[in-house]
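**Student:** Give me a model of this one.
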Amino acid sequence: MSTIRVKTYRLCEEALKHPALRQALYDDGAILMRDVLVNLHGAAHKTRRRVEGQLFRRAYFRRLELEVIPQFVNEALMNASSRPALELKSLAYDLMLNVSLLFAGIDRQTGTEGESSHLSHLLVRLGQAATLGQYTGEQRDAIESDIRAAMSEFNAQFLQPSKARRQAEMLRTDVSAQDDVLSLLLRHQDELAMDDEALLREIAFFYLASAHTSVHSIVHAFHEIHGWLAKTGRSVTALLADSVTLQRCAHESLRLHPSSPEAWRVALEPIELTDGTRIEAGDQVIIELETANRDPAVFGGNSAEFEPNRPRPAALNPSGLSFGLGMHVCIGLNLVAGTILRDGQSADATQHQFGSMAVILKELLAAGLCPDADHPGTKDPQSKRDTWLTYPVLRQPVA
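**Tutor:** Numbering: from 1, shown residues only. Below is the predicted model of the structure:
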């Protein structure tokens with residue numbers, strides 16, 4: 001078995017779309033990731049995605065943008081007001097915890113601060129599955145044991161009560177509209193042939209993925225926006241009045257900072273890419289998303305810079321390949337990024353979907369959050385991913 005790396009935008013695009021390349025990034029985390037949506041391939045993946053995709057309705061998006069997310073941001077800010085210092089990563093976790101619970105279909109049982117802390121800790125413990133392959137021997141055994149314990153706690157304390165409530169509601173009503181992944185899976189459990197263990201993995205995955213990826217994206221975008229405002233001399237007030245540009249800022253940051261710098265695939269059969277690269281069955285293909293997203297042949301000579309107003313041709317996603325392509329394109333793309341405007345297009349403010357990322361950033365900026373110049377954020381030097389360890393912020397009057 002060989003390892004093949006692809007780096008240019010067009011080759012990465014081709015590899016992501018190829019049906020003979022199976023998702024492999026999370027193979028080592030099978031304890032939680034086995035047979036979840038992101039790891040399924042072929043017909044099983046198509047069926048599950050069709051069922052879960054029913055959640056992604058325009059009316060659902062609008063309610064999130066206009067009502068739910070602003071409320072969650074305000075709640076997170078109120079909870080943070082009692083702390084001695086504001087820290088954006090922690091604030092983003094508080095916010096995204098509520099979003100992920102709503103999205104996955106997990107009910108709070110007590111609503112206490114202690115429960116919130118426990119749910120956040122479960123997120124961290126479950127998240128170890130994504131990096132399990134980095135460990136060996138006794139260390140891996142200990143982490144795997146902790147993941148199993150976290151899954152058991154999550155199941156008993158939160159999934160089972162949430163499941164029971166939805167099953168009881170299903171007996172009382174014939175309402176077809178669905179507002180979370182768990183409700184959809186329960187209604188289609190027989191069709192999907194999901195046993196209880198598979199249901200646990202899928203809901204734990206959505207709970208985990210909904211929070212972790214967005215937390216890092218929020219901090220990156222916040223940092224990039226403030227740097228851009230300082231560079232261009234624009235004010236926060238002016239940006240808040242221009243929601244289209246703010247949405248472009250979200251897209252541009254997502255391009256520069258994909259949640260994973262690489263996508264991994266395994267070849268199911270021999271294939272050949274258009275540049276002549278030969279890939280044999282069983283070969284590992286590493287798709288360098290971060291490199292491809294900065295390809296100057298596609299994004300121009302300033303491709304490594306944050307420039308939200310760069311050209312937007314019809315054939316190009318302004319977020320690059322950060323959401324993937326092909327069968328494994330992120331199911332939450334439209335939810336997070338909103339409706340993409342191309343060069344020459346304008347937004348109808350009464351209908352346009354700006355995306356959850358832009359809405360969150362708008363709420364944070366409108367609340368007067370700005371980087372703490374005396375305590376700059378720090379990044380994790382041990383991680384292959386571009387992640388912030390801390391990002392202290394101040395709350396000041398909006399300028």
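**Student:** Which helix runs longest in the protein?
**Tutor:** Counting by DSSP state H, the longest helix found in the chain is helix 196-232.
**Student:** what comes up buried for whichever helix or strand comes after it?
**Tutor:** Once helix 196-232 ends, the next helix or strand along the chain (criterion: DSSP states H and E) is helix 236-240. Judged by neighbour count using 16 or more other C-beta atoms under 10 Å, the buried positions of helix 236-240 are 236, 239-240. Placement of C-beta: from N, CA and C, glycine included.
**Student:** Any chance of JSON lines for those, columns pLDDT and distance to Pro311?
**Tutor:** Below are the buried residues of helix 236-240 laid out as JSON lines (pLDDT from 0 to 100; distance: C-beta to C-beta, whole Å):
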{"residue": "Val236", "pLDDT": "97", "distance to Pro311": "26"}
{"residue": "Leu239", "pLDDT": "98", "distance to Pro311": "20"}
{"residue": "Leu240", "pLDDT": "97", "distance to Pro311": "25"}
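**Student:** Can you give me the pLDDT of Gln382?
**Tutor:** At Gln382, the model reports a pLDDT of 73.
**Student:** Reduced to three states, what does it come out as?
**Tutor:** coil (DSSP: H, G, I helix; E, B strand; the rest coil).
**Student:** hmm, who's touching the lowest-mean-pLDDT helix or strand in the chain?
**Tutor:** Within the chain, no helix or strand scores below helix 58-63, which has a mean of 88 by mean pLDDT, DSSP states H and E. With contacts defined as C-beta atoms under 8 Å, 6 or more residues apart in numbering, helix 58-63 is touched by 179, 334-335, 338, 353.
**Student:** Which of those residues fall in strands?
**Tutor:** Among the contacts of helix 58-63, DSSP state E puts none in strands.
**Student:** which among these end up buried?
**Tutor:** The buried subset of these (16+ other C-beta under 10 Å) comprises 334-335, 338, 353.
**Student:** Mind putting those residues into JSON lines with distance to Ile271 and pLDDT?
**Tutor:** Output for those, formatted as JSON lines (distance: C-beta to C-beta, whole Å; pLDDT from 0 to 100):
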{"residue": "Asn334", "distance to Ile271": "30", "pLDDT": "90"}
{"residue": "Leu335", "distance to Ile271": "32", "pLDDT": "91"}
{"residue": "Gly338", "distance to Ile271": "34", "pLDDT": "94"}
{"residue": "Gln353", "distance to Ile271": "36", "pLDDT": "94"}
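**Student:** and the contacts of helix 58-63 as a markdown table, adding distance to Ala314?
**Tutor:** Below are the contacts of helix 58-63 laid out as a markdown table (distance: C-beta to C-beta, whole Å):
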| residue | distance to Ala314 |
| --- | --- |
| Asp179 | 33 |
| Asn334 | 17 |
| Leu335 | 22 |
| Gly338 | 17 |
| Gln353 | 18 |
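**Student:** Just flag the most distant two among these.
**Tutor:** Longest distance between any two of the contacts of helix 58-63 is 19.6 Å, between Asp179 and Gly338; criterion C-beta to C-beta.
**Student:** re the thing from before, return the set of buried residues in the least confident helix or strand of the chain.
**Tutor:** 60-61.
**Student:** right, and the helix or strand after that helix?
**Tutor:** Following helix 58-63 in sequence, per DSSP H and E, is helix 69-80.
**Student:** So what touches that next one?
**Tutor:** 86, 90-92, 94-95, 98-99, 113, 356, 359-360, 363-364, 367.
**Student:** Please pick the buried ones from the residues you listed.
**Tutor:** Buried among those (16+ other C-beta under 10 Å): 86, 90-92, 94-95, 98-99, 356, 359-360, 363-364, 367.
**Student:** now, the most widely separated pair of those residues?
**Tutor:** Leu86 and Ser356 (21.3 Å).
**Student:** Tell me the confidence at the most centrally placed residue in the chain?
**Tutor:** Closest to where the C-alpha atoms of the chain average out (C-alpha atoms, centre = their mean) is Thr213, at 3.7 Å. On the pLDDT scale, Thr213 is placed at 84.
**Student:** Appreciated, that's everything.
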